[in-house]
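A.B. asks: Structure of the sequence below:
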Amino acid sequence: MKIVAAERLTALAKAAARAAIDTEEARLSVGAHLVQCYCRDFIYEGFKASVAALIETARKEIQA
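C.D. replies: As a prediction, the model looks like this:
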């Protein structure tokens with residue numbers, strides 16, 4: 001049950017990020033999938049990424 005709730009939460013985070021990007025309300029332009037991954041990492045591992053780390057990761061994805 002806990003896994004299903006976590007998957008729904010990460011899907012919700014991805015949808016919210018996509019909506020923020022599409023409406024230009026997002027302060028950072030990062031992929032919605034990246035937001036979903038960070039949310040999942042936080043839920044399962046307690047890993048918190050700083051905004052600077054999020055920006056750096058987004059830069060690496062763009063360059064790849």
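
A.B. asks: Measure how buried L28 is and give me the count.
C.D. replies: Counted with other CB atoms under 10 Å, residues neighbouring L28 total 13. Yep, even glycine has a C-beta here, placed from its N, CA and C like the rest.

A.B. asks: just checking, it touches A58?
C.D. replies: Yes: between L28 and A58 there is a contact under CB atoms under 8 Å: 7.2 Å.

A.B. asks: ranges for the strands of this protein?
C.D. replies: Counting by DSSP state E, the chain has no strands at all.

A.B. asks: which stretches of it have low pLDDT?
C.D. replies: 1-4, 47-55, 61-62, 64 (pLDDT under 70).

A.B. asks: Give me the residue at the spatial middle of it.
C.D. replies: Residue closest to the mean C-alpha point of the chain, counted by CA atoms, centre = their mean, is V35 at 0.7 Å.

A.B. asks: correct me, but it touches A15?
C.D. replies: No: using CB under 8 Å, V35 is not in contact with A15, being 9.7 Å away.
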